[in-house]
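Trainee: Here's my sequence, what's the structure:
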Amino acid sequence: MSKVAVVFWSSSGNTETMANAVLEGAKNAGAEAELFEASAFDAGKISGFDALAFGCPAMGDEVLEEDEFQPLWDSCKQALTSKKVALFGSYGWGDGEWMRSWEADAKDTGISLFCDSVICNETPDENGLDDCRSLGRALAQ
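Mentor: The predicted structure is shown next:
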């Protein structure tokens, strides 16, 4: 059985809703899965998981949240190069530039993203939640 961590930061609750759907997909696929708010996770926990999903909404000028999530991501990314990793998040403006930048940062670090990232505009609809569940299932395999 694989172990999956779903790590997220959310302001409005949209990315948290997505994180719960990722968790649900992983658990339904038979994984032992845990949900962590960004403030409750650190790089030392990575070794205990086979796969990790990181979720953060677009903030400001289409960037990751800068006070909690970006520092967490920066402290974790070197340890993620040998893990299954996926990204997800929500946005309220723009066209998803923050996710493309985040994916590029992951690839530049040597992280091979396991599956396509999931982004949702504002509150995730049922299609978006299905995509999140699929992401969780993929990480569980």
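
Trainee: Can you verify F36 is assigned to a strand?
Mentor: Yes: counting by DSSP: H, G, I helix; E, B strand; the rest coil, F36 is found in a strand.

Trainee: okay but it is in contact with V6, surely?
Mentor: Yes: with contact defined as Cβ atoms under 8 Å, F36 counts as touching V6 (6.9 Å). All C-beta atoms are positioned from the backbone trio N, CA, C, and that covers glycine.

Trainee: Neighbour count for these two, which is higher?
Mentor: Each of F36 and V6 has its neighbours counted (other Cβ atoms under 10 Å); V6 has more, 31 against 17.

Trainee: Now the helix or strand that one falls within: buried residues?
Mentor: Element membership for V6, per DSSP states H and E: strand 3-8. When burial is assessed from 16 or more other Cβ atoms under 10 Å, strand 3-8 yields the following buried residues: 4-8.

Trainee: Which single one of the residues you listed is nearest to A26?
Mentor: Closest to A26 out of those is V4 (4.3 Å), distances taken as Cβ to Cβ.
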